[in-house]
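Participant: sequence below, structure please.
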Amino acid sequence: MATNPRRILSTMSNRFWLNFSCYLSVLIFFIAFVIINGSIVVGDKEAHQLSINIPQVFYFSLFCLIFGWPYFASEVFNFLLFVKRHKLLITLSISISVLVIYFNTVVHPYLLADNRHFIFYVWNRFYGKYWWFRYSMIPVYIFSLYVIIKLVWDKSDISFSLVFFPAVTLLLIFQSLIEVRYFLVPYLIIRLRIQNKDSAVFNVVLELITYFVINMITFNIFFTKTLHWEGMRHVQRIIW
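Facilitator: Down below sits the predicted model:
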C-alpha cells in the first residue's frame, strides 16, 4: 500500500482533481470576497458585527425539533432511558446550559425592533417577557441535541460527524441575530442523513402535513396582516 503523499496524489483520478478544483475555487473566491468587501457581511455591517452567542445552538436545536418533529418524537422513550442511565451527564449538561443562558444570552437590537419577522413575536412574548422561560426550555434543548447527534452520528463514517458538528457550531455561535436562514442549510443536511426505517413513509406524510400547515399559516399572515411604519410609505408585512 502506497504511503508516500506524492505517490498517492499521482494515482488520483481526473474526477478527483476536478472535484478538488471546484471546492478550492469556492474557497479562493470566498477569501477574495472577504478581502475586497472588508468582512463577510453583505449589507449593513454596523448591525451584523461578530459576537459570541452560544445559545444559537439551542435555538437551532429547537428549529430542528419543530420541522423534524416526527423523527424526534420517536426518540422520546430512548431519550428517557438515556437520562436514566446518564444522570451525571444530564445534570452537567443542564448546569452548563444554565450558565450559558445566564451569561451569554445576546439580544440583537433588530430582535426588539423589527416586527416584520416571526422571531420578533416569539422573543418578545416568551423569551423576553418571562425570564424563567429561557431556562424552562433547557430540557427541550438537551432532548433536541440528543436526537440530532443520534441522527447524524454514523459509526461507519465518523469523519462526517467530526466535521459537521464543529462546522455548524462555528457557523451559529458568531451570529448575534436569530435568523432562520442560519438554520436552514444545517437542518437540510441533518434531514438528508436520516436513514429510512419501517415508519419512514408515515413520518414523511406527517412531515408533509406539517410543512403544508406552516406554509398556509405563513401565507395567511403575510397576506392578511399589515404593518405601518412611521416614515415608510409602503405597507410592511410579516414573514420569516
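
Participant: next, count neighbours for S161.
Facilitator: If you count neighbours by other CB atoms under 10 Å, S161 ends up with 15. Placement of C-beta: from N, CA and C, glycine included.

Participant: from K150, how far off is it?
Facilitator: 11 Å (CB to CB, to the nearest Å).

Participant: and if you look at V26?
Facilitator: Distance, V26 to K150, using CB to CB: 30 Å.

Participant: the two - which one has more neighbours?
Facilitator: K150 (14 against 10).

Participant: which residues in this protein form helices?
Facilitator: Assigned by DSSP state H, the chain shows helices spanning 5-10, 14-37, 56-67, 69-73, 76-85, 87-104, 109-113, 118-122, 131-136, 138-152, 158-173, 180-193, 200-224.

Participant: any chance of TSV for those, columns distance to L50?
Facilitator: Formatted as TSV, the helices of the chain follow (distance: least, CB to CB, whole Å):
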stretch	distance to L50
helix 5-10	36
helix 14-37	12
helix 56-67	13
helix 69-73	32
helix 76-85	34
helix 87-104	14
helix 109-113	16
helix 118-122	20
helix 131-136	23
helix 138-152	24
helix 158-173	10
helix 180-193	14
helix 200-224	31
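
Participant: go through the ones you listed and pick out the most buried.
Facilitator: helix 56-67 (a mean of 20; mean count of other CB atoms under 10 Å).

Participant: which residues touch that helix?
Facilitator: Defining contact as CB atoms under 8 Å, 6 or more residues apart in numbering, one finds that helix 56-67 is touched by 72, 97, 100-101, 137-138, 140-141, 143-145, 147-148, 168-169, 172-173, 175, 178, 180, 182-183, 186-187, 190, 210-211.

Participant: could you do stretch 192-211 as well?
Facilitator: Residues contacting stretch 192-211 (CB under 8 Å, 6+ apart): 67-71, 74, 151-152, 154, 160.

Participant: just the terminal-to-terminal distance for that stretch.
Facilitator: Taking CA to CA, to the nearest Å as the measure, stretch 192-211 stretches 16 Å from start to finish.

Participant: helix or strand with the lowest mean pLDDT in this structure?
Facilitator: helix 5-10 (a mean of 65; mean pLDDT, DSSP states H and E).

Participant: tabulate the CA atom coordinates of stretch 130-146 in PDB.
Facilitator: Extracted in PDB, the C-alpha atoms of stretch 130-146 (Å, rounded to 0.1, in the frame of the first residue of the first chain):
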ATOM      1  CA  TYR A 130     -40.600  35.800  31.100                       C
ATOM      2  CA  TRP A 131     -37.000  35.400  32.400                       C
ATOM      3  CA  TRP A 132     -37.800  31.800  33.500                       C
ATOM      4  CA  PHE A 133     -39.000  30.800  30.100                       C
ATOM      5  CA  ARG A 134     -35.400  30.700  28.800                       C
ATOM      6  CA  TYR A 135     -34.400  28.200  31.400                       C
ATOM      7  CA  SER A 136     -37.600  26.100  31.200                       C
ATOM      8  CA  MET A 137     -36.600  25.300  27.600                       C
ATOM      9  CA  ILE A 138     -33.300  23.600  28.600                       C
ATOM     10  CA  PRO A 139     -34.800  20.100  28.800                       C
ATOM     11  CA  VAL A 140     -36.200  20.600  25.300                       C
ATOM     12  CA  TYR A 141     -32.800  21.800  24.000                       C
ATOM     13  CA  ILE A 142     -31.000  18.800  25.500                       C
ATOM     14  CA  PHE A 143     -33.500  16.400  24.100                       C
ATOM     15  CA  SER A 144     -33.300  18.000  20.600                       C
ATOM     16  CA  LEU A 145     -29.500  18.000  20.700                       C
ATOM     17  CA  TYR A 146     -29.500  14.300  21.800                       C
END
